[in-house]
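**Student:** what shape does this take:
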Amino acid sequence: MSSGISVLSLTSGEALLEKRADGSLNSQQLRQLEYASHLDSYFIITRTIGHNKFGPRELSPNVVVYPSNSCCRLAFRRDAMRIASRICNERRIDVISPRDPFLFGRVGVRLKRKYGIPLAVHIMGDMIDNPFFLKERFANRIMNRWAKAVLVEADAIRVASTVEKEKIVKLGYPEEKVFRVAFFVDFGPFIDADGSAKRAELLGDRFERIILTVGRLEKQKNVPMLIDTAAKIVAHNPKVLFVIAGGGSMMKKARKKIRSLNIENNVILQNHVENSALPEYYHAADIFTMSSNYEGIPMVLFEASACGLPIVSTGMTGAIDTILDGETGYIVPIGDADALAHRLLELVENPDRAREMGKKGKTHVLEKFDKDKIVKDYITMWEYAAAAKGK
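**Tutor:** Okay, here's the model as predicted:
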């Protein structure tokens, strides 16, 4: 049933523009159609950068994706305003919905001021006033100020975790405007995957257990801690293999540190793994781990749990909403390699315990992150924002 409202979304990436030879849609496109099934119309401007120039992509009669075709990241602001202005002049738009409170949020504020359209801002990760984020680079401090100014003008604020909602409310933003809406995940491909062939390939005749982590190797992931943890575990049990899937700017430093600790034989760095191949990696592994300093709610935690893996993670935002500490995995202090190694070794040496935790984790995420409830929560947030028009 349609809510009768029209939403203009500001987001990033080329996946929403993909055109497959067989006419099928990818998971990101299908997710947008789920939201759109409850809307009158849904327009999406997605940031695309580089020489490739894309045309608009109609996903359904009420969903159109427009590429920005920007020459650089900063040019997106100008390009998005041009495209959005045309849409707002030609069509009724009830809510502007930027994917974050930074550059996208600033575009949203300009559109709100120009057209008087309510603003629903998404916070995709635990970055606002996060000390780890602020220390990474000077530009992040500027972005932090941008974000706070954007949220002042927001008519609705979407966060993905309980911890993040508590923080935003403590910063002084009205609680009634802050909506906790979990991430939408299609668990089907992960539940039904078969990782036996990949497991045999990785284990060979040298290893007995696989610890997996998935994600781009960037500063926020605390890659040095992850590798230190691997070294501590290998020192206790050389039959453990670490698989790190996902490239990133820290890849070269990660390789250097792995060599310096003499654990090259026990760590596999996969520079890039296609999303379609991830389910078999999850099913090949015994345990999943994360060492991040901050996140939102990482999708990989959902995916790993849906595959029946116990999880050992640092206590960044999102872990608390995903992991039942001591039941479906363990949460350890951020930056504590000893604690992370201790809990991982506990599960390595107790495979029955690990499997039981994994089963509980699978049940937990499938029940908690119900697709229909998440879509309903999205629509409720947009309806709340739309009702602010004229107030």
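**Student:** all contacts plus neighbour counts: C-alpha atoms, from now on.
**Tutor:** Will do.
**Student:** phi first, then psi, for the residue nearest to G4 when sequence neighbours are not counted.
**Tutor:** Take G4 and drop its neighbours on the chain: the residue closest to it by C-alpha to C-alpha, 6 or more residues apart in numbering is D40, 4.8 Å away. Main-chain dihedrals, D40, degrees, to the nearest 10: phi -70, psi -50.
**Student:** try the one 10 residues further on
**Tutor:** Its backbone dihedrals place G50 at phi 120, psi -170, with angles given as degrees, to the nearest 10.
**Student:** what ranges do the helices span in the stretch 101-250 of the chain?
**Tutor:** Using DSSP state H, counting those that start in this stretch, the helices of the stretch 101-250 of the chain run over residues 103-115, 131-136, 138-153, 162-170, 188-191, 196-203, 223-236.
**Student:** mean pLDDT lowest for which of the ones you listed?
**Tutor:** Per-stretch mean pLDDT for the helices of the stretch 101-250 of the chain is lowest at helix 188-191 (a mean of 86).
**Student:** now the helix ranked longest in the chain: how far from the chain's centre is it?
**Tutor:** For the chain, the helix with the greatest residue count under DSSP state H is helix 351-368. Relative to its parent chain, helix 351-368 has a centroid offset of 21 Å by C-alpha atoms, centre = their mean, to the nearest Å.
**Student:** thinking again about what came up before, of all the helices of the stretch 101-250 of the chain, which one comes closest to R78?
**Tutor:** Among the helices of the stretch 101-250 of the chain, helix 103-115 comes nearest to R78, with 8.6 Å by C-alpha to C-alpha.
**Student:** that closest one vs helix 138-153, what angle?
**Tutor:** Taking axes from the mean of the first three to the mean of the last three C-alpha atoms, to 10 degrees, one finds helix 103-115 and helix 138-153 inclined to each other by 40 degrees.
**Student:** so for helix 103-115, what gets flagged as buried?
**Tutor:** Neighbour counts over helix 103-115 (16 or more other C-alpha atoms under 10 Å) mark 103-109, 111-112 as buried.
**Student:** follow-up on the earlier one: the residue nearest to G4 contacts S60, doesn't it?
**Tutor:** No. If you go by C-alpha atoms under 8 Å, D40 and S60 don't touch, sitting 11.8 Å apart.
**Student:** who has more neighbours out of these two?
**Tutor:** D40 (17 against 12; other C-alpha atoms under 10 Å).
**Student:** now the strands for the stretch 1-150 of the chain?
**Tutor:** Here the stretch 1-150 of the chain has its strands, by DSSP state E, counting those that start in this stretch, at 6-12, 41-47, 57-60, 63-67, 95-98, 120-122.
**Student:** buried deepest among the ones you listed, which one?
**Tutor:** Among the strands of the stretch 1-150 of the chain, ranked by average contacts under mean count of other C-alpha atoms under 10 Å, first place goes to strand 120-122 (a mean of 30).
**Student:** which other helices and strands contact that one?
**Tutor:** Here strand 120-122 touches strand 95-98, strand 156-159, helix 371-386, going by 3 or more C-alpha pairs under 8 Å, 6 or more residues apart in numbering; DSSP states H and E.
**Student:** make a markdown table from the buried residues of helix 103-115 and add distance to G326 to it.
**Tutor:** Below are the buried residues of helix 103-115 laid out as a markdown table (distance: C-alpha to C-alpha, whole Å):
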| residue | distance to G326 |
| --- | --- |
| L103 | 39 |
| F104 | 38 |
| G105 | 38 |
| R106 | 41 |
| V107 | 43 |
| G108 | 42 |
| V109 | 43 |
| L111 | 47 |
| K112 | 46 |
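**Student:** of the residues you listed, closest to S24?
**Tutor:** S24 has its nearest neighbour among the buried residues of helix 103-115 in F104, at 28.8 Å by C-alpha to C-alpha.
**Student:** low-scoring stretches of the chain, by residue?
**Tutor:** Scanning the chain for pLDDT under 70 picks out the ranges 1-3, 390-391.
**Student:** how does it divide into domains?
**Tutor:** Here the domain parsing of the chain from automatic domain parsing is 6-185+370-386, 188-368.
**Student:** how near is the residue located most distally from the centre of the chain to V181?
**Tutor:** Relative to the average C-alpha location in the chain, and by C-alpha atoms, centre = their mean, no residue lies farther out than D205, which sits at 35.1 Å. Look at D205 and V181: by C-alpha to C-alpha, to the nearest Å, they are 45 Å apart.
**Student:** V109 now?
**Tutor:** Counting by C-alpha to C-alpha, the gap from V109 to V181 is 21 Å.
**Student:** with I123 instead?
**Tutor:** Using C-alpha to C-alpha, one gets 10 Å for the distance from I123 to V181.
**Student:** shared neighbours of these two, which are they?
**Tutor:** 158-160 (C-alpha atoms under 8 Å, 6 or more residues apart in numbering).
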